[in-house]
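Asks: Give me a 3D structure for the following:
(chains A and B)
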Protein chains: 2
Amino acid sequence: MITINEHYKKLQASYLFSDIARRVATYQQNHPDQRIIKLGIGDVTKPLPPACIQAFHQAVEEMGKEETFRGYGPEQGYPFLREAIAAQDFQARGADIAADEIFISDGAKCDTGNIQEIFGTDIVIAIPDPVYPVYLDTNVMAGRTGVYRDGRYDGIVYLESRKDNQFIPDLPQTPVDLIYLCFPNNPTGSTISREALQVWVDYARQNKALILFDAAYEAFIRDPALPKSIYELPGAREVAIEFRSFSKSGGFTGTRCAYTVVPKDCRAFDHQGNEQPVHPLWNRRHSTKFNGVSYPVQRAAAALYTDEGKKQAATLVDYYMGNAALIRSEITALGYDCVGGDHSPYIWIDSRTDSWQFFDRLLEQAGVVCTPGSGFGRCGAGYIRLSAFNSRENVEQALQRIRESLS
Amino acid sequence: MITINEHYKKLQASYLFSDIARRVATYQQNHPDQRIIKLGIGDVTKPLPPACIQAFHQAVEEMGKEETFRGYGPEQGYPFLREAIAAQDFQARGADIAADEIFISDGAKCDTGNIQEIFGTDIVIAIPDPVYPVYLDTNVMAGRTGVYRDGRYDGIVYLESRKDNQFIPDLPQTPVDLIYLCFPNNPTGSTISREALQVWVDYARQNKALILFDAAYEAFIRDPALPKSIYELPGAREVAIEFRSFSKSGGFTGTRCAYTVVPKDCRAFDHQGNEQPVHPLWNRRHSTKFNGVSYPVQRAAAALYTDEGKKQAATLVDYYMGNAALIRSEITALGYDCVGGDHSPYIWIDSRTDSWQFFDRLLEQAGVVCTPGSGFGRCGAGYIRLSAFNSRENVEQALQRIRESLS
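Replies: Model prediction:
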């Protein structure tokens, strides 16, 4: 008898975005003349940088000619992209990462979801709350949790991000083996100092734990003192895997390219307690279940590392960060506490009421869509997330409407 | 302590292609003037059809303009592609498959590797021998096998493809739950009749089993009486998942696009024996761990369904099949038994000696590279695989050299 993976039964259906869509549709039906402005979703709105478009076209052209056509590429990605990443994203910042420690993929969602496969199923997982749901769901599917009750899965150690810890979780009180961290954070927009991140690296070294560091939003960091990569910290190579994405930094959400860094000396252990390198495990997983990213897409991503591409991507990020600054200053002026928006495209706002109540108020009184924080976990209750991914005009108009409705 | 997935330790390092590369390099070093012709690898050599290139360029152009830019798309793929597939690959052939039963992905390797996640770990797996190694390796990683000894994994039911069963495996003698089938087959090139495939569908229905049908090579089928899809057979919707790819049919090995079909009434069971639909399980897996295929790539794939695209892709397939016919007739004329090459790009040749010995002989006497059949499993011993993916000129020259060395 072909049986199903019973762990899927434990998964909670996420109604967050479908609930939002339903409420927005109802409102629009009742107010057909209102132009709704969406600051809810974390998707970019500006087109790909011209340098990417040019490289993309050129690579498509190559695929149409016998002399330059490319079939299967290396599963780990082409050297031209891996080398640019190692040199510019890491070595230039003093992080000792080599090209063959970079694995090109089609998305950080895939990588952060798949990475858990290479670890034992009997480990203890630490996951932030609030959090991007992929970390949790993929561990539920793999059977690393118990049942869901009172809003949480048994067996998971939740790392709470609250106002009283400045949205930087404290070290866990009970032993954990695999730790998910995401900075700049989705959804809170908070980021972490070198000193605070070093505490986690040291913890992992002392406790034979491993950190999965999701740095998908590093491009939004403005303060040069803040770490963009965990490998800027001493001792991180042995205990951390890092995830990066071109989705937000280069506008690649619909183009699909990302990468994962697994240093050669990153280690886990077998059940006898012997050290085992993680790099060959991920390489085996990656080359067995993945066949590389589309060649033209890799060429488009590599264009982000040219002088032109860097300038254009910076302009893109600056534009969104201009929106974020406007949102942050307006919300603060209205007397609400918020975090994020200074080194991230998200602003996490204490609504001083129920998340959904505030969502409804913004929708009905201002025609603005936000994301209710309670959808990201128990610690998100009472918060809402505003996103800076929209046009300046829309953001300015949304803020004017919010000002009129809340003041 | 962070532990590794210990099942990875059971995996046998595949030395097949690295062994081939090493022997070829040594030979080239000793014969620097010899032009080696490679008929070993299963990768296409002709460029993308012009219709794909045109659609690809146009979509790249859209990604560069604010009005037409696309961010995140549906994880399951864009309706324009899913609808074309359902209508032309299935409904036009009398197979009742709807657009929302199609899941677009970046490769059949990924899909055939990932699909096992949605099933229990205590099921019995039936896998062909010889076989494309992904089916086996991904089940080893998931812990569904015992250790490896005498060339096989404990706990796997091997479905033997031998000359005496015309390379179509017999039904298993012991009960199995999940059955991998691949027709036209890689590596043997054999294909299956409606009647023989119906036996498997009936077996699955009667034994509460499920078939994973890999049809990545269906475009090469010439005989209209042969099934291209398992859904052309009555009763298959409930018991089969089908995998397709644009890699070989459209030359997409480096462009990356494929799809998986999960009918809404395809069923598995929970441990209490209750029927459970498979579609929501795969949809959950796909949308949790995957973020859709690059938009321009989906547009390029959709161009294969236009009148122009269809003609161009057919020309591509005809070209390779012309090569295959030449190989098949020459090898037969030389007195060797072979299968495949009539409805597939692979020709599976009984070398009447050890696979590697014959490999060395072809390399040293003809300067031609093949793939030793023993690399695909125990039943491949004594066979070699020749691939039709090369230029006509190279194939003709390779055959002339083979003729001179073998006759």
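Asks: all contacts plus neighbour counts: C-alpha atoms, from now on.
Replies: Will do.
Asks: show me the contacts for A:Arg35.
Replies: For A:Arg35, the contact set (C-alpha atoms under 8 Å, 6 or more residues apart in numbering or on different chains) comprises A:Gly367.
Asks: That one falls within a helix, correct?
Replies: No: going by DSSP: H, G, I helix; E, B strand; the rest coil, the assignment for A:Arg35 is coil, not a helix.
Asks: Taking the stretch 301-407 of chain A, what residue is nearest to chain B?
Replies: Minimum separation of the stretch 301-407 of chain A from chain B (C-alpha to the nearest C-alpha) falls at A:Ser391, amounting to 10.2 Å.
Asks: Quick check, that residue in contact with A:Pro47.
Replies: No: counting by C-alpha atoms under 8 Å, A:Ser391 stays clear of A:Pro47, with 11.6 Å between them.
Asks: Please say which of these two ends up with more neighbours.
Replies: A:Pro47 (22 against 15; other C-alpha atoms under 10 Å in any protein chain shown).
Asks: picking up where we left off before, how far away is the residue of the stretch 301-407 of chain A closest to chain B from A:Met321?
Replies: Using C-alpha to C-alpha, to the nearest Å, A:Ser391 is found at 11 Å from A:Met321.
Asks: Could you name the helices and strands sitting against the longest helix that chain A contains?
Replies: Secondary structure of chain A per DSSP state H: the longest helix is helix A:307-333. In terms of contacts (3 or more C-alpha pairs under 8 Å, 6 or more residues apart in numbering or on different chains; DSSP states H and E), helix A:307-333 is packed against helix A:50-63, strand A:338-340, strand A:346-350, helix A:392-406.
Asks: okay, those, which one's buried deepest?
Replies: Most buried of these by mean neighbour count (mean count of other C-alpha atoms under 10 Å in any protein chain shown) is strand A:346-350; its value is a mean of 26.
Asks: how far does that one sit from the chain's center?
Replies: Per C-alpha atoms, centre = their mean, to the nearest Å, the displacement of strand A:346-350 from the mean C-alpha position of its chain is 16 Å.
Asks: Okay, now the sheet partners of that strand, with direction.
Replies: Partners of strand A:346-350 in the sheet, by DSSP bridges, are strand A:338-340 (antiparallel), strand A:383-387 (antiparallel).
Asks: Include mean pLDDT when you put these into TSV, please.
Replies: Output for the strands paired with strand A:346-350, formatted as TSV (pLDDT from 0 to 100):
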stretch	mean pLDDT
strand A:338-340	97
strand A:383-387	97
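Asks: Counting neighbours, what do you get for A:Thr288?
Replies: A:Thr288 has 19 nearby residues by other C-alpha under 10 Å.
Asks: quick one: it and B:Thr138 touch, right?
Replies: Yes: the pair A:Thr288 and B:Thr138 qualifies as a contact (C-alpha under 8 Å) at a distance of 7.4 Å.
Asks: Show me what from the stretch 51-200 of chain A comes close to chain B.
Replies: A:53, A:56-57, A:60-61, A:63-66, A:69-73, A:107, A:109-111, A:113-114, A:117-121, A:123, A:134, A:137-138, A:176-178 (C-alpha under 8 Å from any C-alpha of the partner chain).
Asks: now do 6 Å
Replies: A:63-66, A:69-72, A:110, A:113, A:118-120, A:177 (C-alpha under 6 Å from any C-alpha of the partner chain).
Asks: Report the buried members of the residues you listed.
Replies: Applying 16 or more other C-alpha atoms under 10 Å in any protein chain shown to these, the neighbour count classes A:63-65, A:69-72, A:110, A:113, A:118-120, A:177 as buried.
Asks: roughly how far apart are the nearest residue to A:Cys370 once chain neighbours are set aside and B:Ala84?
Replies: Nearest residue to A:Cys370 in three dimensions, chain neighbours excluded: A:Gly40, at 4.0 Å (C-alpha to C-alpha, 6 or more residues apart in numbering or on different chains). A:Gly40 sits 32 Å away from B:Ala84, taking C-alpha to C-alpha as the criterion.
Asks: the more surrounded of the two?
Replies: Neighbours were counted for A:Gly40 and for B:Ala84 using other C-alpha under 10 Å; A:Gly40 has more, 22 against 18.
Asks: if I look at the more buried one, how far off is chain B?
Replies: With distances taken as C-alpha to the nearest C-alpha, to the nearest Å, A:Gly40 is found 14 Å from chain B.
Asks: With adjacent residues omitted, what lies nearest to the one residue sitting closest to the centre of chain A?
Replies: In chain A, the residue lying closest to the centroid (C-alpha atoms, centre = their mean) is A:Ala216, at 4.4 Å. In space, and not counting its chain neighbours, A:Ala216 is closest to A:Arg244: 4.6 Å by C-alpha to C-alpha, 6+ apart.
Asks: Listing partners with orientation, what would you give for the helix or strand containing that neighbour?
Replies: A:Arg244 belongs to strand A:240-245 when assigned by DSSP states H and E. Strand A:240-245 sits in its sheet next to strand A:210-214 (parallel), strand A:258-261 (antiparallel), going by DSSP bridges.
Asks: one step back: redo the strands paired with strand A:346-350 as a markdown table? Include distance to B:Lys310.
Replies: Putting the strands paired with strand A:346-350 into a markdown table (distance: least, C-alpha to C-alpha, whole Å) gives the following:
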| stretch | distance to B:Lys310 |
| --- | --- |
| strand A:338-340 | 51 |
| strand A:383-387 | 43 |
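Asks: Let me know the pLDDT of the spatially closest residue to A:Gln91 that is not a sequence neighbour.
Replies: In space, and not counting its chain neighbours, A:Gln91 is closest to A:Ile97: 6.4 Å by C-alpha to C-alpha, 6+ apart. Looking at A:Ile97, its pLDDT reads 98.
Asks: secondary structure class for A:Thr253?
Replies: Using three-state DSSP, the secondary structure recorded for A:Thr253 is coil.
Asks: Can you report how many residues neighbour it?
Replies: A:Thr253: 28 neighbours (other C-alpha under 10 Å).
Asks: Nearest residue to it in space, ignoring adjacent ones along the chain?
Replies: A:Ser247 (4.4 Å).
Asks: what's the burial count for that neighbour?
Replies: 23.
Asks: Repeat that for A:Ala366.
Replies: A:Ala366: 23 neighbours (other C-alpha under 10 Å).
Asks: wait, it sits on A:Arg401?
Replies: Yes: A:Ala366 is within contact range of A:Arg401, at 5.1 Å (criterion: C-alpha atoms under 6 Å).
Asks: Let me see the domain layout of chain A.
Replies: A:6-47+A:310-406, A:52-307 (automatic domain parsing).
Asks: Would you mind listing the two of the buried ones among the residues of the stretch 51-200 of chain A next to chain B that lie farthest apart?
Replies: The most widely separated members of those, counting by C-alpha to C-alpha, are A:Lys65 and A:Asp177 (50.3 Å).
Asks: Tell me, please, where in chain A the pLDDT is lower than the cut-off.
Replies: For chain A, no stretch is flagged by pLDDT under 70.
Asks: Give me the nearest residue to A:Val369, chain neighbours excluded.
Replies: A:Lys38 (4.7 Å).
Asks: wait, isn't the one you found in contact with A:Ala366?
Replies: No: counting by C-alpha under 6 Å, A:Lys38 does not reach A:Ala366; the two are 11.0 Å apart.
Asks: Using TSV, lay out the residues of the stretch 51-200 of chain A next to chain B together with distance to A:Ala142 and secondary structure.
Replies: Output for those, formatted as TSV (distance: C-alpha to C-alpha, whole Å; DSSP: H, G, I helix; E, B strand; the rest coil):
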residue	distance to A:Ala142	secondary structure
A:Met63	39	helix
A:Gly64	42	coil
A:Lys65	44	coil
A:Glu66	44	coil
A:Phe69	39	coil
A:Arg70	36	coil
A:Gly71	34	coil
A:Tyr72	30	coil
A:Cys110	15	helix
A:Gly113	10	helix
A:Ile118	11	helix
A:Phe119	10	strand
A:Gly120	10	coil
A:Asp177	16	coil
